[in-house]
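In: When you get a sec, could you give me coordinates for this:
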Amino acid sequence: MSNAEETGRACTAADWAARDAQRRALPLHLVHAWIWQPHDVPVAQDLDTQKHWALRMLREAEEELRGRHPELTVSTERISDTAAEVLLGQAEHAQMLVLGSSGHGSIAGFLLGSLGQRVLARANSPVVMVRAKARSAAKQDGGEVVVGLDDLGDSAAPLLEFAFDAAATRRTVLRAVHAPSLPPLYGYGLVVGQLASNTGQAEKALSEALKPWREKYPQVPVAHTVGLARPSGVVLRAAAQAGLVVVGRRVHRPALGMRIGPVAHAVLHHAAAPVAVVPHD
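Out: Purely as a prediction, here's the structure:
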């Protein structure tokens with residue numbers, strides 16, 4: 001990847017993070033990971049040139065964001081360590097971590113490299129992925145906040161809290177999307193009956209799960225979608241014009257590797273909007 005490509009990706013993510021931090025009255029911290037290459041390993045560029053470029057990128061990003069958001073508190077830090085370890089360390093005490101990602105097409109969403117996959121799978125705080133060629137700021141900030149819910153039990157609480165708070169700060173609609181698991185179906189009549197029954201049960205369960213959050217955020221307009229189909233497809237259809245999509249990632253044991261779950265994986269690869277991945281039990 002060229003310096004220009006990386007700069008463009010980082011600036012898009014930084015601009016999204018700055019707008020969100022301003023809405024929430026939070027400080028913004030820009031971080032660049034830097035690690036010296038061993039002298040016996042050939043590198044494409046002179047190390048002094050790389051160091052100068054890294055410092056310049058941080059400085060220019062800070063200056064640009066201060067110019068656009070003069071009331072925003074912006075700080076920068078260059079840390080000597082691998083990118084994954086730096087980002088995971090920052091996620092320990094941040095309300096959210098914002099990363100840029102390369103798109104791989106005008107329709108497809110994110111191209112997740114090993115760095116993004118590793119951070120998403122291990123971060124303890126929500127991680128927001130922002131496409132390099134993202135929608136306009138107006139579409140991102142004004143569109144619905146769509147949250148995909150698989151389990152409507154206690155594990156849904158972190159997702160709903162993040163999504164309702166995001167909708168409140170954006171003053172926009174929250175759309176809750178639920179695709180319940182279907183039992184095996186046998187015969188046409190049974191299919192029709194079970195579909196109707198499952199739809200009614202799912203809508204009732206979703207309404208109950210949303211009730212305490214509606215009471216906590218009475219200013220947030222709420223819509224909901226129940227789809228008896230593949231969960232990732234239901235979420236992606238609802239998120240076609242979204243400003244932000246919120247999905248969950250179950251906290252796995254390290255032995256299970258870099259899994260983020262099928263729904264989160266599909267949404268990250270195909271959603272056009274920024275995607276927030278929220279860890280939960």
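In: How many residues are close by the residue lying closest to residue 171 once chain neighbours are set aside?
Out: Across the structure, with Cβ to Cβ, 6 or more residues apart in numbering as the measure, the residue nearest residue 171 apart from its sequence neighbours is residue 219 (7.9 Å). For every residue, glycine as well, the C-beta is placed using N, CA and C. Here the number of neighbours of residue 219 (other Cβ atoms under 10 Å) works out to 8.
In: Residue 219 in helix, strand or coil?
Out: coil (DSSP: H, G, I helix; E, B strand; the rest coil).
In: and the residue most central in space within the chain, what element?
Out: A centroid search over the chain (Cα atoms, centre = their mean) returns residue 276, at 1.9 Å, as the residue closest to the centre. Under the assignment given by DSSP states H and E, the secondary-structure element containing residue 276 is strand 275-280.
In: Check which residues of that strand are buried.
Out: 275-279 (16 or more other Cβ atoms under 10 Å).
In: now those as TSV including pLDDT and distance to residue 14?
Out: Formatted as TSV, the buried residues of strand 275-280 follow (pLDDT from 0 to 100; distance: Cβ to Cβ, whole Å):
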residue	pLDDT	distance to residue 14
275	95	17
276	97	16
277	96	19
278	97	21
279	95	23
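In: Report all helices and strands that the strand holding residue 276 contacts.
Out: In terms of contacts (3 or more Cβ pairs under 8 Å, 6 or more residues apart in numbering; DSSP states H and E), strand 275-280 is packed against strand 127-131, helix 157-170, strand 244-250, helix 262-270.
In: Need those in a markdown table (columns: mean pLDDT, distance to residue 225 and mean neighbour count).
Out: As requested, the helices and strands packed on strand 275-280 are arranged in a markdown table below (pLDDT from 0 to 100; distance: least, Cβ to Cβ, whole Å; neighbours: other Cβ atoms under 10 Å):
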| stretch | mean pLDDT | distance to residue 225 | mean neighbour count |
| --- | --- | --- | --- |
| strand 127-131 | 92 | 22 | 25 |
| helix 157-170 | 97 | 13 | 20 |
| strand 244-250 | 95 | 13 | 26 |
| helix 262-270 | 91 | 14 | 20 |
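In: and these as a markdown table, adding distance to residue 24?
Out: Putting the helices and strands packed on strand 275-280 into a markdown table (distance: least, Cβ to Cβ, whole Å) gives the following:
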| stretch | distance to residue 24 |
| --- | --- |
| strand 127-131 | 13 |
| helix 157-170 | 6 |
| strand 244-250 | 13 |
| helix 262-270 | 23 |
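In: Residue 151 is nearest to which of these?
Out: Each of the helices and strands packed on strand 275-280 has some distance to residue 151 by Cβ to Cβ; the shortest is strand 244-250, at 8.3 Å.
In: Check which helices and strands the closest one sits against.
Out: For strand 244-250, the packing partners by 3+ Cβ pairs under 8 Å, 6+ apart come out as strand 145-149, helix 157-170, helix 262-270, strand 275-280.
In: residues in contact with the shortest one?
Out: Here strand 145-149 makes contact (Cβ atoms under 8 Å, 6 or more residues apart in numbering) with 156, 159-160, 162-163, 166-167, 170, 172-179, 206, 209, 231, 234-235, 238-239, 242-248, 263, 267, 273.
In: do you know which of the helices and strands packed on strand 244-250 lies nearest residue 66?
Out: Evaluated over these, closeness to residue 66 peaks at helix 157-170, with 21.1 Å, by Cβ to Cβ.
In: and the angle from that closest one to strand 244-250?
Out: When axes from the mean of the first three to the mean of the last three Cα atoms, to 10 degrees is applied, the directions of helix 157-170 and strand 244-250 differ by 160 degrees.
In: quick one: helix 157-170 to strand 127-131, angle?
Out: Helix 157-170 and strand 127-131 are oriented at 50 degrees to each other (the same axes, to 10 degrees).
In: And helix 157-170, what does it pack against?
Out: Taking 3+ Cβ pairs under 8 Å, 6+ apart as the contact definition, the neighbouring helices and strands of helix 157-170 are helix 3-24, strand 145-149, strand 174-178, helix 188-216, strand 244-250, strand 275-280.
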